[in-house]
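In: Dropping the sequence and predicted coords here.
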Amino acid sequence: MTERNKRLFGILATTCLACAMAAPPDQCGAAPGAERLPDLGGTPATPAASSDGPSAADLERIAQITSNPLGAAWMLWLQNDTSEIRGDLVPGGQRLNTTRFQPVMSFPIDVRDQEWNLIVRPVIQYQSVPLDSRAGQLFGTSPETIVADPELGQIAATAWDDRTNGFGDTALLTLLGPNRLDGFIWGVGASQIFPTAEEDVLGQGKWQAGPAVLLARLAPKPGGFNFGALAQHWWSYAGDSDREATSQTDIQYFINYRLSGTELVGMSPNIRFDWTQDSGNQLTRPIGLGYSNAVKLGPLPVRIALEAQYSVIAPDNVGSDWNVRLLFIPVIPNPFGR
């Protein structure tokens, strides 16, 4: 039994290598109403496009609204992340793929004669992780027990030899803040993670909850910058007693330049802290570069984006080296007609 395998067994016994936390949503946005674009922040509503879909002017307004994390949009957010996993305990480069479906729903609320939005955003994810599903038997088992048991030892020794596909943990983000089209945007709320994973290696096995805070500044016209951050933290409060307690933070920061009325260039990666790990395995800090545009597919406005990310800081044992993110976001009518 090599020292490397003993360390690997210890990691497998205490944590999920697939980073199976239900990752938080990216930027939220807004969508056109059924008959016209929404009237936000007291600005005049723009007439709806014809049956052929939104006009060029409508697309510009849709693009601006959908870049607003607290806008009045309803969107069917589809996101795919393909990551290269490396580290001291990873045999060569391993690929992790996660597809997330995130319906973004905005509900109008009047607060002291001001229009606010309540954003509700569940996150359902389907994963393909570079671990044999049997590795879930090792969680909560001491390295000594694994070494002493030939069957468990074999599972650990071959953990990287197969893949597991299935649904992971589910998240729910809620944010409440003033409804503004541009300028300073802020919101507060709560975030939760539910242990819905089909296999142990696809999730963390814990019920988790914590606060969420959004701060951003949005440019009113092309030639300006959008920047801000959505911070979420989760503590575990129940779940599988064989799994380790969690305390983790996710900060999605975004810096985008408005190239035109519909185009953005910039980055929106996720910084992650795992406070239960030692100092060399706590932080993942990526940077990125990507392009986003609002286009028309038939009568439907759609936001598309592609971004490449690289982790300048990653955990020593197991962490993401690079990531490619693809977004496909149909914008659907707001049932409140805003």
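Out: Sure, I can see it. None of these values were measured; they are calculated from a predicted model.
In: measure the residue of the chain positioned farthest from its centre to residue 135 for me?
Out: No residue in the chain sits farther from the centre than residue 148, which is 39.3 Å out by C-alpha atoms, centre = their mean. Per C-beta to C-beta, to the nearest Å, residue 148 is found 18 Å from residue 135. Where you see a C-beta, it was placed from the backbone N, CA and C, and this is true even at glycine.
In: and if you look at residue 198?
Out: 14 Å.
In: the more surrounded of those two?
Out: Set side by side, residue 198 and residue 135 show more neighbours around residue 135, with 25 against 15, by other C-beta atoms under 10 Å.
In: Looking at the residue nearest to that one when sequence neighbours are not counted now. What's its pLDDT?
Out: Distances taken as C-beta to C-beta, 6 or more residues apart in numbering place residue 159 nearest to residue 135, at 4.3 Å, with adjacent residues excluded. For residue 159, the pLDDT comes out at 81.
In: ok, now residue 231?
Out: 97.
In: what do you get for residue 51?
Out: The model's pLDDT for residue 51 equals 56.
In: Likewise for residue 7?
Out: 51.
In: what's the biggest strand by length in the chain packed up against?
Out: As assigned by DSSP state E, the longest strand anywhere in the chain is strand 94-111. Counting by 3 or more C-beta pairs under 8 Å, 6 or more residues apart in numbering; DSSP states H and E, the packing neighbours recorded for strand 94-111 are strand 74-86, strand 114-129.
In: Nearest to residue 284 among those strands would be which one?
Out: Of all these, it is strand 74-86 that lies closest to residue 284, at 10.3 Å by C-beta to C-beta.
In: Show me what counts as buried in the closest one.
Out: 74, 75, 76, 77, 79, 81, 83, 84, 85, 86 (16 or more other C-beta atoms under 10 Å).
In: Please report the number of neighbouring residues for the residue lying closest to the fifth one once chain neighbours are set aside.
Out: The reference is to residue 79. Nearest non-adjacent residue to residue 79, counting by C-beta to C-beta, 6+ apart: residue 100, 4.5 Å away. A count of neighbours around residue 100, defined by other C-beta under 10 Å, yields 22.
In: isn't residue 100 right next to residue 123, touching?
Out: Yes - the criterion here is C-beta atoms under 8 Å, and residue 100 meets it with residue 123 at 5.7 Å.
In: Just the terminal-to-terminal distance for stretch 313-327.
Out: When the termini of stretch 313-327 are compared using C-alpha to C-alpha, to the nearest Å, they are 24 Å apart.
In: and that stretch, what's its mean pLDDT?
Out: On average, stretch 313-327 scores 93.
In: Tell me which helix or strand comes right after the host helix or strand of residue 216.
Out: Assigned by DSSP states H and E, residue 216 falls within strand 206-218. Once strand 206-218 ends, the next helix or strand along the chain (criterion: DSSP H and E) is strand 225-239.
In: which stretches of this protein form helices?
Out: Counting by DSSP state H, one finds helices in the chain at the ranges 3-14, 56-66, 143-148, 150-157.
In: least reliable of those helices going by mean pLDDT?
Out: helix 3-14 (a mean of 50).
In: check contacts around residue 111.
Out: By C-beta atoms under 8 Å, 6 or more residues apart in numbering, the contact list for residue 111 reads residue 178.
In: Show me what the closest residue to residue 105 other than its chain neighbours bridges to in the sheet.
Out: Leaving aside its chain neighbours, residue 105 sits nearest to residue 120 (4.7 Å; criterion: C-beta to C-beta, 6+ apart). On the basis of DSSP bridges, residue 120 is bridged to residue 105, residue 174.
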